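Q: pasting the structure only:
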Ligand SMILES: [Zn+2]
């Protein structure tokens, strides 16, 4: 029997984590099976989670040979820490067609009685063809509502596919959950930022416009407030607004963007413009000293060897 419990992720976040507690024994992960060979249909619990996130239907997407090659390249490009954790703990990778789902990716933990935790990661198949810039703009658009200001938010992150980013983000959730938040590298990231290692921010970064965003349980903000939101973001060590939603998302976002900046030479620029296309505020999080100060902790974390 499967029991699904919503974990740290709120319903309105674009990626979700669920915990599945399997009462019947689950065979251990076969470490000799390469990660690319662990692609399979979604579990019933995963299918249900996408339906709960608003999907009108959920069908397995079978990878074309070109998509499989792209997945193999993305898996090979993951940090070695991620690969060594995944080889022991990743049960299944799935791709689904799930129209209208609010969620685009799902990391779920299968709790094994007396054994090691196993994880399933499921991606919406649209992520295989979408560009990172397109994805980020689509995601960010959801947290604002149009108003008379005519302001618009634009995110520039180059022309690469979103898949490398999303794979880094989701697999970092697995690494975080396996190593534990109290482990050396993660603790350094949380310290002075997250009060409880979960969702409460230290007073220094608990800034009003950030408290009220949709992903922190607020409402869609009028676009007139967008300059204040990004000004507040610029005063924090968060690489993105999504990173400000919970400690787990902060870790996933910071690791993903550290890797993209370091190994893929990607840049990130956020702009808010008014109805006359006048620039109101521009932010380059990967160049922010507050963000870059955390990259040292990330580098140390990724150099860690696990047995
Ligand atoms: Zn996430």
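A: Structure's in. What do you need? Just so we're clear, the structure is a prediction, and the values are computed from it rather than from any experiment.
Q: Could you give the bridge partners of the residue nearest to residue 234 when sequence neighbours are not counted?
A: The shortest distance from residue 234 to any residue other than its chain neighbours is 5.3 Å, reached at residue 283 (C-beta to C-beta, 6 or more residues apart in numbering). Yep, even glycine has a C-beta here, placed from its N, CA and C like the rest. Using DSSP bridges, the bridge partners assigned to residue 283 are residue 270.
Q: Tell me the residues on this structure that lie near the ion, please.
A: 15, 249, 252 (C-beta under 5 Å from the ion).
Q: Out of these, which sit inside helices?
A: 249, 252 (DSSP state H).
Q: residues in contact with whatever residue of the chain ends up closest to the ion?
A: Closest residue of the chain to the ion, C-beta to the ion: residue 15 (4.0 Å). Residue 15 makes contacts with 9, 103-107, 166, 169-170, as judged by C-beta atoms under 8 Å, 6 or more residues apart in numbering.
Q: what bridges to it?
A: residue 105.
Q: start at 736 instead
A: Renumbered: residue one is now 736, and that last one reads residue 750.
Q: Could I get the pLDDT score of it?
A: At residue 750, the model reports a pLDDT of 73.
Q: now residue 786, nearest residue through space, not along the chain?
A: residue 793 (6.0 Å).
Q: Next one, pLDDT for that neighbour please.
A: For residue 793, the model assigns a pLDDT of 95.
Q: swap in residue 977?
A: 95.
Q: Next, give phi and psi for it.
A: phi -60, psi -30 (degrees, to the nearest 10).
Q: Verify the contact between it and residue 988 for me.
A: Yes - taking contacts as C-beta atoms under 8 Å, residue 977 lies within contact range of residue 988: 5.7 Å.
Q: How far away from the center of its chain is stretch 788-802?
A: 19 Å (C-alpha atoms, centre = their mean, to the nearest Å).
Q: Okay, buried residues for it please.
A: 788, 790, 793, 796, 798, 802 (16 or more other C-beta atoms under 10 Å).
Q: Strands along the stretch 836-985 of the chain, start to end?
A: Secondary structure of the stretch 836-985 of the chain (DSSP state E, counting those that start in this stretch): strands at 840-846, 853-859, 879-880, 887-891, 956-957.
Q: Give the residue spans of this structure that score low on pLDDT.
A: 736-749, 751-760, 846-849, 916-920 (pLDDT under 70).
Q: Enumerate every residue touching residue 913.
A: 820, 823-824, 852.
Q: Likewise for residue 819?
A: If you count contacts by C-beta under 8 Å, 6+ apart, then residue 819 has 1040-1041 around it.
Q: Likewise for residue 790?
A: 833-836.
Q: Neighbours of residue 1010, how many?
A: Using other C-beta atoms under 10 Å, residue 1010 has 11 other residues around it.
Q: ok, for it, nearest residue in space, not its chain neighbours?
A: Counting by C-beta to C-beta, 6+ apart, the residue nearest residue 1010 is residue 885, at 2.7 Å.
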